[in-house]
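Peer 1: Fold the following, please.
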Amino acid sequence: MQRPGADKENMELSDFLCDFCRTAWDGTFAMVEGHQGSLICQDCMTIAYDTLVTQKQSIAPAGAKCTMCLEERDDAMWQSPAYEDAVICKRCCKQGAGRLHKDPDVEWSKPPQ
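Peer 2: Numbers count the residues shown, from 1 in each chain. Purely as a prediction, here's the structure:
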């Protein structure tokens, strides 16, 4: 997401926020981008991946729409404990985790399954 009130003509790193924890990006950690500028930081991705893939749990209300792909899915979903409007589906979580895992500039590995 973009910081509310950010100058769209002069965006800075700190104008980009994780949709799930609202942490401003400073370039020292990875972010995965979804549709329409949605973002999830590597810390939130780790928690979501551990919940959805490792523990095989779903913690989101029925009918929730994924913040990353903008779809209502029957997949398991993880909802941010801090922001109820931020939900990621298992498919997007796995895709994002794959991108983080393959990026040589990112120190991230999938939690053990």
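Peer 1: I'd say residue 61 and residue 79 touch.
Peer 2: Yes. Using C-beta atoms under 8 Å, residue 61 is in contact with residue 79, at 7.2 Å. Any C-beta I mention is one placed from the backbone N, CA and C, and that applies to glycine too.
Peer 1: Compare these two (neighbour count), which wins?
Peer 2: With neighbours defined as other C-beta atoms under 10 Å, residue 61 and residue 79 compare such that residue 79 has more, 20 against 9.
Peer 1: gap between that one and residue 100?
Peer 2: According to C-beta to C-beta, to the nearest Å, residue 79 stands 20 Å off from residue 100.
Peer 1: next one: residue 57
Peer 2: Remark: distance between residue 57 and residue 100 (C-beta to C-beta) = 20 Å.
Peer 1: the more surrounded of those two?
Peer 2: Shown here are residue 57 and residue 100; by other C-beta under 10 Å, residue 100 has more neighbours (20 against 11).
Peer 1: gap between the helix ranked longest in the chain and the chain center?
Peer 2: Counting by DSSP state H, the longest helix found in the chain is helix 90-102. Computed by C-alpha atoms, centre = their mean, to the nearest Å, the chain-centroid distance of helix 90-102 equals 9 Å.
Peer 1: now stretch 31-38
Peer 2: Here stretch 31-38 is found 8 Å from its chain centre; the criterion is C-alpha atoms, centre = their mean.
Peer 1: With stretch 83-100 instead?
Peer 2: Distance of stretch 83-100 from the chain centroid (C-alpha atoms, centre = their mean) equals 5 Å.
Peer 1: hmm, who's touching it?
Peer 2: 19-22, 30, 32, 34, 40, 42, 45, 48-49, 52-53, 58, 60, 64-69, 71, 73, 75-80, 106, 108, 110 (C-beta atoms under 8 Å, 6 or more residues apart in numbering).
Peer 1: quick one, helices of this protein?
Peer 2: With helices called from DSSP H, the chain shows them at 42-49, 90-102.
Peer 1: Could you check the angle the last one makes with helix 42-49?
Peer 2: Using axes from the mean of the first three to the mean of the last three C-alpha atoms, to 10 degrees, the inter-axis angle of helix 90-102 relative to helix 42-49 is 130 degrees.
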